[in-house]
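> kindly return the folded structure for what I paste below:
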Amino acid sequence: MDRGNITVGHALQAQPFRNTLETIKLRGDYLLQALEHSVSDYDVEEPSGKFLQYSGIKVKYDLAKPPQQRVVEALAICQNCTFPAYEPIDKTVMYSLILSNFILTGGDSYHVIRDNAELTHTVGDLDSDVLIEYVKNTSPFYHGIEGRIMIVNSTGITDSLTCDNGAIVTCDKVDIVSYPM
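As a prediction, the model looks like this:
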């Protein structure tokens, strides 16, 4: 998006499907399965709509690995830390998430969320309305690369891609040695 004013039209263009937002709890192992599903058939040249965008989580994916083994690192923001820090997603911990009713009801084949989510609050607000309110209350914006999503290749030194707000940008070379699973 170019520098300038953000209009209601921009918000509706960014969130065109008029989904409602819901608050859930999801255990870490199911969250990791959802992150794996996000890239199960991902193509860097032609990304699909099912690729999750999120905040409060940082994930490194290795697309050279077989499906269901592509998450090489997944960190969630610490809920009990004095200062923001990221910790490995714990398979036994319940994580609070806000997501669209489309994903919650199994859209884009996110059955792992549909089948395992504990609905804690039905917000019911439209995603576009929430975005508009956020823009009204948060301006001006300072955009930066957060490193939430990294797509790497496990074969050694490689170009990595960081997806930030839906855009893909090329970063410096990254040396990937190994990642524990």
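> which residues does the residue nearest the centre of the chain contact?
Centrality entry for the chain: nearest residue to the mean C-alpha point is Tyr54, 2.6 Å, by CA atoms, centre = their mean. Shown in contact with Tyr54 (CB atoms under 8 Å, 6 or more residues apart in numbering): Arg148. Every C-beta, even on glycine, is put in place using the N, C-alpha and C of the backbone.
> so it, which of the three states?
With DSSP: H, G, I helix; E, B strand; the rest coil as the basis, Tyr54 sits in coil.
> tell me the pLDDT of it.
Looking at Tyr54, its pLDDT stands at 91.
> kindly report the same for Pro67.
pLDDT for Pro67: 94.
> can you check Lys173 too?
Note on Lys173: pLDDT of 31.
> going forward, the N-terminal residue is numbered 59.
Taking 59 as the first residue, the last one we looked at is Lys231.
> quick one: low-confidence parts of the chain?
Low-confidence segments of the chain (pLDDT under 70): 59-60, 212-239.
> go again using 80 as the cut-off
59-62, 102, 181, 199-202, 211-239 (pLDDT under 80).
> mind listing the strands for it?
According to DSSP state E, the chain carries its strands in the segments 78-85, 115-120, 129-135, 144-146, 152-158, 176-184, 207-210, 215-222, 225-233.
> list the strands paired with the second one, with their directions.
Spelled out, that is strand 115-120. strand 129-135 (antiparallel), strand 207-210 (parallel) (DSSP bridges).
> same question for the first one.
In the sheet containing strand 78-85, the strands it pairs with under DSSP bridges are strand 152-158 (antiparallel), strand 176-184 (antiparallel).
> quick one: buried residues of that strand?
Of all the residues in strand 78-85, those buried under the rule 16 or more other CB atoms under 10 Å are 78-82, 84-85.
> try the shortest one
Of the residues in strand 144-146, those scored as buried under the neighbour-count criterion (16+ other CB under 10 Å) are Tyr144.
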